[in-house]
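Q: Predicted model follows, preceded by the sequence.
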Amino acid sequence: MSDEGFHLPSGDFRSQGHELIDWIADYLEGAGEYPVLSQVAPGSIRSQLPKSAPLKGESFDEVMSDVNDIVMPGITHWQSPDFYAYFPANTSGPSILGELLASGLGVQGMIWATSPACTELETQVVDWMRQAIGLAERFSPDGKGGGVIQDSASGAALVALLAARDRKATGNEVVYISDQTHSSIEKGVRIARIPHLRKIETDAAFAMRPEKLAEAIATDVAAGLTPAFVCATLGTTSSLAMDPVRAIAEVATAAGCWLHVDAAMAGSAHICPEFRNDADGIDLADSVCVNAHKWLFTNFDCSLMFLADREPVLASLSILPEYLRNEASESGAVIDYRDWQVPLGRRFRALKLWMVVRHYGIEGLQHHVREHVRLAESLAGRIEQDDRFLLLQPQHLNLVLFRLTAGEELTRQLMESVNASGDAFLTHTILDGEYWVRVAVGATNTTAAHVDALWRLLDRLTGE
Ligand code: PLP
C-alpha cells in the first residue's frame with residue numbers, strides 16, 4: 001500500500017488518462033469498422049464477468065483488456081457513421097472533453113451555493129441555445145421564464161406535467177396528446193397520477209388534428225373535467241411528423257391548458273433558420289424541450305427545457321429542508337436548479353454543451369445539421385426513384401422512411417439482413433398498420449460515402 005492508501009496515485013492517473021484518451025480517439029476514428037449492432041447473445045457479457053467483486057484491486061491494463069475483450073463485443077456502436085437507428089445520440093470531441101472535465105471537477109450542483117459556476121454556466125449556455133434555435137425572449141431567464149438542462153425529454157415532460165397538474169389541482173385533470181406522441185408523456189401522466197389521458201387523432205401526415213383536440217376538450221369540459229395539459233410534437237418519433245403548433249396553441253390557451261412542445265430531436269434543426277417553418281407558434285408554449293443529446297453533438301444526457309414561466313414548476317417541486325438553507329437561496333438572487341427537476345442532485349452538464357458550442361460555433365453546428373439533412377434528402381431521392389421502394393411522404397429533415405412494394409414480410413427481412421450484416425443499423429415503425437423502415441441520419445461522422453454505401457447495401461439485398 002502506498003501513502004495514498006489504495007487510491008490511484010496521481011502519476012498513474014495521468015498516464016492512464018492519456019492512454020484512455022488515445023483509446024477513445026482510436027475508437028472514434030475506427031468506429032465504422034465494427035458491426036454496428038452488437039451481435040452477442042443475451043447473457044453472454046454477464047457470463048464472462050466474475051460472480052463477485054475482486055477482493056484485491058487490479059491493474060488498469062487488466063481492466064482495459066476486459067474492456068476490449070468482454071465489453072466491446074457487447075457495444076452497439078451509436079457513434080458509428082453507419083448508425084441510422086432510432087434517433088441519433090451523437091457525440092463529439094469537445095463534448096467528451098466536457099464530460100471528462102465535469103467528472104474531474106466532481107461537482108454536485110443541486111443548489112447555486114454547491115457550485116455557483118455549475119448553475120450560472122447552465123443558465124447562460126441554455127439561454128445561448130434559446131437564441132440559437134430562435135425561441136422568444138419570454139423563455140429567457142431575465143424575465144419570468146428560463147432554461148434548464150434535464151436528464152432527458154422524459155424528465156422534462158414529467159416536470160411540465162407536474163406543474164400543469166398542480167396549477168389546476170382539481171383531481172380530475174385531463175392531458176391531451178396525439179396518437180403519435182412519444183410514450184414518455186404517457187409514462188409521465190402515469191407517474192404524476194393524472195387521471196385522464198386523451199389520444200387525439202392525427203391526419204394523413206401523422207400530425208395532430210387541432211379540430212379533434214378542440215372537440216375532445218369541449219366534451220371533457222361538458223363532463224365537468226379539467227383540461228390541463230396539451231403536448232404538441234415537432235418531430236414525432238415514428239415519422240418526424242410536425243404537429244401544427246400555432247393552431248394547437250390557440251385551442252390549448254383558450255382552454256387554459258399548459259402547452260408543452262416536444263421537439264426532442266427535430267428542435268436541433270431549428271438552429272438553422274430555414275428549418276423553423278414547421279415550428280410556427282412554438283413561442284406560445286409554456287414549455288419546450290430539445291434534446292441536445294440527440295442531434296447536437298453533445299453526449300447523452302443533455303435535454304434542454306425552456307419555460308415561459310418558472311413559477312408553476314417551482315410551486316410544484318420546491319421543498320426546502322433545513323440542511324439546504326443558505327443565504328444565497330434565501331436572498332432570492334440565485335437559481336437553485338434542484339427546484340426545476342425531480343431529483344435533488346445534478347451533474348455539471350452545461351460544461352459539455354458549453355465546450356461543444358464554443359468549439360463549433362453556431363455556424364459549425366448549422367453546417368453539420370444541414371449536411372445530415374442533405375444526406376437524408378439524397379437517400380430519399382434515390383428511394384423515391386426506385387420502383388422497388390415506397391418512400392413515406394412528406395419526408396422531414398434527417399429521417400427517411402421506406403418500405404418495399406413487395407410487402408411487409410420482405411421489408412422486415414431486408415431490415416433484418418442489413419442489421420445482421422453489421423454494415424448499418426436501421427429500426428422500424430408501424431404507421432396506419434404499415435411496416436416502415438426508418439433511416440435517421442445524424443451520427444457525427446456520417447458522410448455522403450456512408451449514405452452511398454447504405455444505398456448500395458439496400459439495393460444489393462433487395463435484388464430485382
Ligand atoms: N420525445 C420524442 C419525440 C422522442 O423521439 C424521444 C426519444 O427518442 C423522447 C421524447 C424521449 O427522449 P429521452 O430519451 O430524452 O427521454
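A: Perfect, I can see it now.

Q: in this protein, which spans are strands?
A: With DSSP state E, the ranges of strands along the chain come out as 146-150, 173-178, 196-200, 226-233, 258-262, 287-291, 303-307, 389-391, 399-404, 427-431, 434-440.

Q: other SSEs contacting the shortest one?
A: Helices and strands in packing contact with strand 389-391 are listed as helix 350-385, strand 399-404; criterion 3 or more Cβ pairs under 8 Å, 6 or more residues apart in numbering; DSSP states H and E. Placement of C-beta: from N, CA and C, glycine included.

Q: Going by contacts, tell me the helices and strands next to the first one.
A: If contacts are counted by 3+ Cβ pairs under 8 Å, 6+ apart, helix 350-385 sits against helix 93-105, helix 116-132, helix 292-295, strand 389-391, strand 399-404, helix 448-462.

Q: quick one: which of those is nearest the ligand?
A: Between the ligand and the helices and strands packed on helix 350-385, the tightest spacing by Cβ to the nearest ligand atom is seen for helix 292-295, at 6.8 Å.

Q: hmm, back to that, quick one: the strands of the chain as CSV, columns for mean neighbour count and distance to Val334 too.
A: Listed next are these as CSV, based on neighbours: other Cβ atoms under 10 Å; distance: least, Cβ to Cβ, whole Å:
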stretch, mean neighbour count, distance to Val334
strand 146-150, 26, 12
strand 173-178, 27, 32
strand 196-200, 18, 37
strand 226-233, 29, 29
strand 258-262, 28, 26
strand 287-291, 30, 22
strand 303-307, 27, 17
strand 389-391, 19, 52
strand 399-404, 25, 40
strand 427-431, 15, 43
strand 434-440, 21, 39
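
Q: how many neighbours does the residue of the stretch 251-400 of the chain found nearest the ligand have?
A: Ranked by Cβ to the nearest ligand atom, the top residue of the stretch 251-400 of the chain for proximity to the ligand is Ala264, at 3.5 Å. Here the count is done by other Cβ atoms under 10 Å, and Ala264 has 28 residues near it.

Q: Contacts only, for it.
A: With Cβ atoms under 8 Å, 6 or more residues apart in numbering as the criterion, the residues that contact Ala264 are Phe87, Ala153, His182, Gly235, Thr237, Cys289, Val290, Asn291, Lys294, Ser303.

Q: Give me the phi and psi angles of it.
A: With angles defined as degrees, to the nearest 10, Ala264 shows backbone torsions of phi -50, psi -50.

Q: Enumerate the residues of this protein near the ligand.
A: Proximity of the chain to the ligand, by Cβ under 6 Å from any ligand atom, involves residues 87, 152-154, 182, 184, 233, 235-237, 262, 264-265, 291, 303.

Q: Out of the helices and strands packed on helix 350-385, which is the most enclosed?
A: Mean neighbour count, computed with mean count of other Cβ atoms under 10 Å, is highest for helix 292-295 among the helices and strands packed on helix 350-385, reaching a mean of 28.
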